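Peer 1: Got a sequence here, can you model it:
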Amino acid sequence: MSGPLLGLAGIAAMLLMLFFLRLPAAFVMLVVGFFGFAAATSFDAAATMLGSEIWSSFSNYGLTVIPLFILVGEIVHYAGYNNGLYFATHKWFGHRRGGLAMTTIMASAAFSAISGSNTATAATMSAVAIPAMKDYKYHPLLNAGSVCAGSTLGVLIPPSIVLVVYGLYTGQSIGKLFFGNVIPSVILTLLILGTVMLLCWRHPDWGPAGERSSWRERLQALPEALDILLLFGVIMFALFTGVVTATEAAAVASFLAMAIAGLRGKLTWHKLVGAFAATLRISCMVFMIVAGALIFAKFLTVTGLPAETAAWIGDLDLPPWMVLWLILLCYIIGGCIMDALAFLLVSLPIFYPLVTQLGYDPIWFGQVITLVTTMGSIMPPIGICCYVVAGMSGLPLKTVFRSAMYYLPAYLFAILVLMISPYWTVLVLSDLVR
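Peer 2: Below is the predicted model of the structure:
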């Protein structure tokens, strides 16, 4: 079997194992990558590669930024800021038609700005928002859909773990990636809010308006939201000025999160231990995905499949924009059947060199594929956010997936805006970072 055919066989084996054996993506990539590499070279070479890749993955100082950013999000979660954010946004916008759904999305955006995880945001907002919307007789499609769509912002809004891994893998500045992501995040958040307004306009009974809060109640609800804005501001200011590295900014944010939550009496010793335990668990999962994806990428590289794919696409003599859309179609399909981070790492060895060869900016490309793979977290058959919402809310999975489909046009329109104007949506801010 030729090298490229062996690579395709490896990809097919990985997908079959994911679908029928339902094994974690990290272990599937590791196993298929190891034995595929052994088939392409030798068992001894594969064993040497396995040891060196795992060591390099877990001993890379740059990866320490991942558990530190995760720790910030877990401290915020265990301190109960999710309830405070939802309470604050509810006081300001809950009196409008569909206001609780918009409250859920804005609270998700604020929580995502610190947690950086879509599954954490989905679990948190499912527990907080769905019971409240049920009490106000919100339609299940608006109820579940707003949580699903809002939770996807966890991957998009800085500090995004996906962008951190992308930056480490491609050698791009994490600060530039974070600032380049600000405008796309705002665009998608506004489009999701607009979708809620459109749904409530077409179906007024889906989101009844709640009672209006007084200005005093609104102002009293702000302090906890300001704590989150302070943490987000510290991270972004530190990265923008270049006075610290991304790892140091994450460490400072972790310390500030503990200090602020402690001073407000929201972080007990038991909660702090829980935050550390959750951080270890999530970090191990991310590191295993990184290690498995790197081993699988080594296997693909040795088969020559990435080079053959690039050459084949080049021989098609298509305009660059059409090639880019073909690549994005692969990311949409891949995001539907695999974990977003896992597919990102598997696909980068194939598509990243081709994209840079076509002249596209790597910072801009990082934003686009992050947005595209984010769609996968609410699309069948994987749609991890939909599974979390269904499990937490008790709603049928079919209903949750159907509710999420209403928000797909918002993602597609956001991608189109980024394609039309790369500079004014991404590069105008990323170029300011030192």
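
Peer 1: Residues contacting stretch 202-218, please?
Peer 2: Outside stretch 202-218, the residues that touch it by C-beta atoms under 8 Å, 6 or more residues apart in numbering are 90-92, 94-101, 136-139, 141-142, 196, 199-200, 221. (Glycine included, C-beta is placed from N, CA and C.)

Peer 1: Distance from the chain centre to it, please.
Peer 2: 30 Å (C-alpha atoms, centre = their mean, to the nearest Å).

Peer 1: do stretch 371-381 as well
Peer 2: 10 Å.

Peer 1: Show me what counts as buried in it.
Peer 2: Neighbour-count burial for stretch 371-381 flags 371-379 (criterion: 16 or more other C-beta atoms under 10 Å).

Peer 1: Run through the neighbouring helices and strands of the helix or strand where residue 341 lies.
Peer 2: When elements are assigned from DSSP states H and E, residue 341 belongs to helix 340-357. The contact analysis (3 or more C-beta pairs under 8 Å, 6 or more residues apart in numbering; DSSP states H and E) places helix 340-357 against helix 25-40, helix 161-170, helix 269-303, helix 305-315, helix 320-337, helix 362-376.

Peer 1: as a whole number, average confidence for that helix?
Peer 2: For helix 340-357, the mean per-residue pLDDT is 80.

Peer 1: Compute the inter-axis angle for that helix and helix 161-170.
Peer 2: Calculated by axes from the mean of the first three to the mean of the last three C-alpha atoms, to 10 degrees, helix 340-357 forms an angle of 50 degrees with helix 161-170.

Peer 1: re the thing from before, from the contacts of stretch 202-218, keep the buried residues only.
Peer 2: Listed as buried from the contacts of stretch 202-218 are 90-92, 94, 96-101, 136, 138-139, 141-142, 196, 199-200, 221; burial here means 16+ other C-beta under 10 Å.

Peer 1: quick one: which helix or strand includes the nearest residue to residue 247 once chain neighbours are set aside?
Peer 2: Leaving aside its sequence neighbours, residue 247 sits nearest to residue 65 (C-beta to C-beta, 6 or more residues apart in numbering; 4.5 Å). Secondary structure assigned from DSSP H and E places residue 65 in helix 65-78.

Peer 1: orientation of that helix relative to helix 161-170 in degrees?
Peer 2: Helix 65-78 runs at 170 degrees relative to helix 161-170, counting by the same axes, to 10 degrees.

Peer 1: Show me what secondary structure element comes after helix 65-78.
Peer 2: Moving toward the C-terminus from helix 65-78, the next helix or strand (DSSP H and E) is helix 81-93.

Peer 1: pLDDT weak spots in the stretch 51-200 of the chain?
Peer 2: 57, 113-117, 120 (pLDDT under 70).

Peer 1: ok, 90 please
Peer 2: For the stretch 51-200 of the chain, residues meeting the criterion pLDDT under 90 lie at 51-141, 143-144, 147-148, 150-171, 173-175, 178-179.

Peer 1: which residues in it form helices?
Peer 2: 65-78, 81-93, 99-115, 118-135, 140-151, 153-156, 161-170, 174-180, 182-202 (DSSP state H, counting those that start in this stretch).

Peer 1: Rebuild those as TSV, extending it with distance to residue 232.
Peer 2: Shown next, in TSV, are the helices of the stretch 51-200 of the chain (distance: least, C-beta to C-beta, whole Å):
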stretch	distance to residue 232
helix 65-78	10
helix 81-93	12
helix 99-115	5
helix 118-135	14
helix 140-151	17
helix 153-156	13
helix 161-170	15
helix 174-180	10
helix 182-202	11
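
Peer 1: wait, which of those helices is closest to residue 241?
Peer 2: Closest of the helices of the stretch 51-200 of the chain to residue 241 is helix 174-180, at 9.2 Å (criterion: C-beta to C-beta).

Peer 1: For that closest one, which outside residues touch it?
Peer 2: The contact list for helix 174-180 (C-beta under 8 Å, 6+ apart) reads 65, 158-160, 163-164, 166-168, 235-236, 239-240, 242, 246, 363-364, 366-367, 426-427, 429-434.

Peer 1: May I see the buried residues of stretch 408-424?
Peer 2: 410-411, 414-415, 417-418, 422.

Peer 1: Show me how far that stretch is from its chain's centre.
Peer 2: Distance, centroid of stretch 408-424 to centroid of chain: 17 Å (C-alpha atoms, centre = their mean).

Peer 1: can you check stretch 53-71 too?
Peer 2: 18 Å.

Peer 1: swap in stretch 91-101?
Peer 2: Centroid separation for stretch 91-101 versus its chain: 26 Å, with C-alpha atoms, centre = their mean.

Peer 1: Just the CA atoms of it, as PDB, please.
Peer 2: What follows is stretch 91-101, C-alpha atoms only, in PDB (Å, rounded to 0.1, in the frame of the first residue of the first chain):
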ATOM      1  CA  LYS A  91     -32.100  42.600  35.600                       C
ATOM      2  CA  TRP A  92     -31.000  44.600  32.600                       C
ATOM      3  CA  PHE A  93     -32.700  42.700  29.700                       C
ATOM      4  CA  GLY A  94     -35.200  40.300  31.200                       C
ATOM      5  CA  HIS A  95     -38.200  42.600  30.700                       C
ATOM      6  CA  ARG A  96     -37.900  42.300  26.900                       C
ATOM      7  CA  ARG A  97     -39.600  39.700  24.800                       C
ATOM      8  CA  GLY A  98     -37.100  36.900  24.600                       C
ATOM      9  CA  GLY A  99     -35.200  38.700  27.300                       C
ATOM     10  CA  LEU A 100     -34.300  35.600  29.300                       C
ATOM     11  CA  ALA A 101     -32.900  34.000  26.100                       C
END
